[in-house]
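sequence-free structure coming up:
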């Protein structure tokens with residue numbers, strides 16, 4: 001690494017740093033692309049179970065029709081891409 005910096009100067013350092021940032025950004029995008037409605041619901045159920053076991057205040061699932069709750073259309077759209085068991 002030191003030899004490359006000595007030969008190419010500042011440009012190599014910038015490209016290496018940019019490459020690392022780009023890889024982190026792509027990794028976050030890929031992780032977010034994997035999550036969907038059903039995986040978010042499952043993750044929240046796991047958090048609730050963990051909070052109950054630890055005796056902490058428990059977050060709750062939203063009621064149907066409240067702000068931020070999944071709509072019927074969201075469930076229909078998620079069912080189209082859901083994996084069959």
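Cool, got the structure. Quantities reported herein were computed from a predicted structural model and do not represent experimental measurements. Numbers count the residues shown, from 1 in each chain.

any regions of this protein where pLDDT drops low?
Across the chain, the ranges flagged by pLDDT under 70 are 1-18, 22, 25, 27-34, 85.

quick one, helices of it?
Secondary structure of the chain (DSSP state H): helices located at 2-8, 10-34, 37-54, 72-81.

show me the contacts for residue 66.
Under the criterion of C-beta atoms under 8 Å, 6 or more residues apart in numbering, residue 66 has no neighbours. From N, CA and C alone the C-beta is placed, and that goes for glycine too.

what's it sitting at in phi/psi?
When read as degrees, to the nearest 10, the backbone of residue 66 gives phi -80, psi 160.

go on, the one 3 residues further on?
Residue 69 adopts backbone torsions of phi -80, psi 150, taken as degrees, to the nearest 10.

ok, it - contacts?
Counted by C-beta under 8 Å, 6+ apart, residue 69 has contacts 62-63.
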